[in-house]
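[1] Could you look at this predicted model? Sequence included:
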Amino acid sequence: MSSADPGVVMARTCSNVEETSLCLLKNPGFLFRNTDRPMQLLAPGLSAARRDYLRDNVRPLLSARGQEGFAC
């Protein structure tokens, strides 16, 4: 729905049924006073030590899957 309908979302209970609207707010008359978006947080990713561990220890195991002698 649009911002004219705060707290209202469209949902389906099954993939083959029509969408229905649901109000997520306890009080439908509630008005959001602060419409500013929150500051975006960037994911830091893996540390260099963790990346090195994955590269040196885990990836070789994953690439060996399906080869003869590989223990499942």
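    The structure has been received and is ready for your questions. Numbers count the residues shown, from 1 in each chain.
[2] Can you check my assumption that residue 55 lies in a strand?
    No: under DSSP: H, G, I helix; E, B strand; the rest coil, residue 55 sits outside any strand and is assigned helix.
[3] Start the count at 12 instead of 1 going forward.
    Understood, numbering begins at 12; the last thing we discussed is residue 66.
[4] what about residue 61, helix or strand, and which?
    Following DSSP states H and E, one finds residue 61 within helix 59-64.
[5] Kindly export the very next helix or strand once past that helix (C-alpha atoms) in PDB.
    Using DSSP H and E, the helix or strand that directly follows helix 59-64 along the chain is helix 70-74. The C-alpha trace of helix 70-74 is given here as PDB (Å, rounded to 0.1, in the frame of the first residue of the first chain):
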ATOM      1  CA  ARG A  70      37.700 -23.800   0.200                       C
ATOM      2  CA  PRO A  71      40.100 -26.700  -0.600                       C
ATOM      3  CA  LEU A  72      37.700 -29.100   1.200                       C
ATOM      4  CA  LEU A  73      34.800 -27.800  -0.700                       C
ATOM      5  CA  SER A  74      36.500 -28.000  -4.000                       C
END
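[6] Show residues contacting helix 70-74.
    Outside helix 70-74, not one residue touches it by Cβ atoms under 8 Å, 6 or more residues apart in numbering. In this view, the C-beta of every residue, glycine as well, is placed from N, C-alpha and C.
[7] model confidence over the helix holding residue 61, on average?
    Across helix 59-64, the average pLDDT comes to 91.
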